[in-house]
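sequence and predicted model, in that order:
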Amino acid sequence: MNKLKLATVWLGGCSGCHMSFLDLDEWLIDLATQVELVYSPIADIKEYPEGVDIVLVEGAVANEDNLELIKKVRDRSKILISFGDCAVTGNVTALRNPFGDPEPFLQRSYLEAADIQNQIPHEPGIVPALLEQVKPVHDVVEVDVYLPGCPSNANHIRAALEMLLMGEVPHLSGKLIRFG
């Protein structure tokens, strides 16, 4: 039996949705018989692969690295699930948006609040440049399935994955749709 290729991606957010994914507990063992985990912050895989069947994307698009990764993820994945309120709406990650330019946040974090070595890191590869505005995933790429919640509920993640594993597209409504 060919296993589906599953990936999870963590953009700008707290990783709470990945914790909910891990809250699938013993069902993860059943899931492992049906999928191959090909990319995740849970595994030490450096490059997002080609031919991913299902990807769960947590977090908002907040910096240049997030932007580059989400475009690659969309290009290389069949079904993209935006999971968690940060991915679906921007949520907490986007709270800086009304203030405009992210530079004051960098100054506050790295200069004013620093105890030692107060400097904004500018070396490439240390801290990716922040985007002018934090964006939910669907503002950047096409999303196939939305799983809101802060964090997404493990039962909802399971329900969506079970439907996809049976070849069905989840139609979320009622209790499956909640924010916050």
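Structure's in. What do you need?

which residues of the protein score low on pLDDT?
Scanning the chain for pLDDT under 70 picks out the ranges 1, 172-180.

what segments of it are strands?
Taking DSSP state E to define them, one finds strands in the chain at 4-10, 35-39, 52-58, 61-63, 77-83, 130-135, 145-147.

which one of the ones you listed lies closest to Lys71?
Among the strands of the chain, the nearest to Lys71 by CB to CB is strand 61-63 (9.5 Å). Any C-beta I mention is one placed from the backbone N, CA and C, and that applies to glycine too.

figure out how far the closest one is from the centre of its chain.
Strand 61-63 has its C-alpha centroid displaced from the chain centroid by 11 Å (CA atoms, centre = their mean, to the nearest Å).

cool, stretch 124-144 as well?
The answer for stretch 124-144 is 11 Å, by CA atoms, centre = their mean.

how far away is the residue of the chain most remote from its centre from Tyr110?
The centre of the chain is farthest from one residue, Ile116, which by CA atoms, centre = their mean lies 32.1 Å away. According to CB to CB, to the nearest Å, Ile116 stands 11 Å off from Tyr110.

try Glu58
25 Å.

tell me which stretches of the chain form helices.
Ranges of helices within the chain are 16-22, 27-32, 64-76, 85-89, 103-107, 154-165, based on DSSP state H.

how about stretch 86-104 as CSV, C-alpha atoms only?
The C-alpha coordinates for stretch 86-104 follow below in CSV (Å, rounded to 0.1, in the frame of the first residue of the first chain):
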residue,chain,number,x,y,z
CYS,A,86,-3.1,32.4,13.2
ALA,A,87,-3.1,30.6,9.8
VAL,A,88,-6.8,31.3,9.2
THR,A,89,-7.1,34.9,10.3
GLY,A,90,-3.6,36.2,11.4
ASN,A,91,-4.8,36.2,15.0
VAL,A,92,-2.3,37.1,17.7
THR,A,93,0.6,37.2,15.3
ALA,A,94,-1.1,40.0,13.3
LEU,A,95,-1.7,42.2,16.4
ARG,A,96,1.2,44.4,15.2
ASN,A,97,-0.6,45.2,11.9
PRO,A,98,-2.5,48.3,13.0
PHE,A,99,0.8,49.9,14.0
GLY,A,100,2.2,49.7,10.5
ASP,A,101,6.0,49.5,10.1
PRO,A,102,7.5,46.7,12.2
GLU,A,103,10.7,48.7,12.9
PRO,A,104,9.4,50.1,16.3
